[in-house]
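Student: Here is the input, now give the coordinates:
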Amino acid sequence: MTLIYPVASNRIHPARLSPAYRSAIKRSPQKPLIPMRHTLSELTGPVYGHETVRANDNDLTIQAKGEPLGERIIVHGHVRDEDGRGVPNTLVELWQANACGRYIHVVDQHPAPLDPNFTGAGRTQSDDRGYYKFITIKPGAYPWGNHHNAWRPAHIHFSVFGHSFVSRLVTQMYFPGDPLFPFDPIFNSVTDEKARARMISSFDLENTKPEWALCYRFDIVLRGRNATPMETK
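Tutor: Have a look, this model is predicted:
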């Protein structure tokens with residue numbers, strides 16, 4: 001198997017060093033990167049997680065005894081290649097804060113309540129057309145201490161695994177019209193305006209379920225000129 005990535009398309013991804021994003025200063029490389037050719041075992045090795053996906057792992061509202069608090073939403077879309085074709089059998093994982101903007105994590109100690117009925121994590125596998133779907137709770141914004149009065153816009157983290165472990169890509173999905181966009185260094189570390197727009201989901205009235213849940217569409221394009229900006233590029 002040979003995987004060829006168009007280097008020019010990497011310009012749409014966040015720069016490794018974005019000074020406004022304070023933690024990037026310490027963790028970004030200070031010297032030019034050295035390209036390393038992938039070995040056959042890296043390109044064809046086993047992928048973690050595909051075989052353990054269960055039927056309802058994509059529904060974050062039924063993981064506990066009770067229903068989680070907050071606005072129920074549907075998030076769906078396609079995983080696509082650079083030519084717009086659906087990518088089948090992709091492991092799609094997500095993690096997010098709860099409706100109050102808090103993660104279940106020891107580091108997250110800001111004064112917002114945890115929800116005992118919400119783990120904030122789910123996974124699914126794209127079908128033969130590259131389609132995926134999640135049911136979850138709309139996350140809240142949260143403070144993160146990067147600068148004075150710093151708040152992250154509501155977002156959902158996505159991870160996609162392809163044919164091998166080294167093909168994992170990670171991105172964030174945002175919601176349309178968020179007033180925090182101009183003030184968020186992470187969102188704005190993607191300097192191309194059109195590329196930033198590809199991280200924002202679109203409201204999908206057609207697939208909204210009346211009396212039950214609003215719907216948002218988020219297509220993940222893996223590479224090419226219309227690629228979704230990724231954190232791991």
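Student: Quickly list what the residue nearest in space to the middle of the chain is bridged to.
Tutor: Nearest residue to the geometric centre of the chain (CA atoms, centre = their mean): residue 158, 2.4 Å. Here residue 158 sits in beta bridges with residue 94, residue 171, going by DSSP bridges.
Student: you'd agree it is up against residue 91?
Tutor: No: taking contacts as CB atoms under 8 Å, residue 158 lies outside contact range of residue 91: 11.0 Å. Where C-beta positions appear, they are placed from N, C-alpha and C, glycine not excepted.
Student: pLDDT (mean, whole number) over stretch 102-115?
Tutor: Taken as a whole, stretch 102-115 has a mean pLDDT of 94.
Student: any residues touching that stretch, and which ones?
Tutor: 68-70, 95-101, 119-120, 140, 142-143 (CB atoms under 8 Å, 6 or more residues apart in numbering).
Student: Tell me the buried residues in it?
Tutor: Along stretch 102-115, these residues count as buried under the neighbour rule (16 or more other CB atoms under 10 Å): 102, 103, 112, 115.
Student: what's the first-to-last distance across that stretch?
Tutor: For stretch 102-115, the first-to-last residue distance is 9 Å (CA to CA, to the nearest Å).
Student: gap between it and the chain center?
Tutor: Offset of stretch 102-115 from its chain centre (CA atoms, centre = their mean, to the nearest Å): 20 Å.
Student: again with stretch 66-78
Tutor: Centroid displacement of stretch 66-78 relative to its chain, using CA atoms, centre = their mean, is 15 Å.
Student: now swap in stretch 59-79 and tell me
Tutor: 15 Å.
Student: buried sites along it?
Tutor: Applying 16+ other CB under 10 Å to stretch 59-79 flags 60, 61, 68, 70, 72, 73, 74, 75, 76, 77, 78, 79 as buried.
Student: what about residue 204, how many residues close to it?
Tutor: By other CB atoms under 10 Å, the residues close to residue 204 number 16.
Student: List the contacts of it.
Tutor: By CB under 8 Å, 6+ apart, residue 204 lies in contact with 74, 76, 215, 216, 217.
Student: What is the nearest of those residues to residue 136?
Tutor: Each of the contacts of residue 204 was checked against residue 136 using CB to CB; the closest is residue 74, at 8.2 Å.
Student: so which strand or helix has that closest one?
Tutor: strand 72-80 (DSSP states H and E).
Student: quick one: least confident helix or strand in this structure?
Tutor: For the chain, the helix or strand with the lowest mean confidence is helix 40-44, at a mean of 64 (criterion: mean pLDDT, DSSP states H and E).
Student: so how far is the strand holding residue 74 off the chain centroid?
Tutor: Taking CA atoms, centre = their mean, one finds strand 72-80 lying 11 Å from the centre of the chain it belongs to.
Student: so where do the helices sit in this protein?
Tutor: Taking DSSP state H as the criterion, the chain contains helices spanning 22-27, 40-44, 193-197.
Student: Any stretches of this structure with poor pLDDT?
Tutor: Within the chain, the ranges that satisfy pLDDT under 70 run 1-11, 16-17, 40-50, 163-166, 232-233.
Student: picking that back up, including distance to residue 176, could the buried residues of stretch 59-79 go into CSV?
Tutor: What follows is the buried residues of stretch 59-79, written out as CSV (distance: CB to CB, whole Å):
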residue, distance to residue 176
60, 21
61, 22
68, 23
70, 18
72, 18
73, 12
74, 15
75, 13
76, 15
77, 14
78, 18
79, 21
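Student: Since that was my last question, I'll sign off now.
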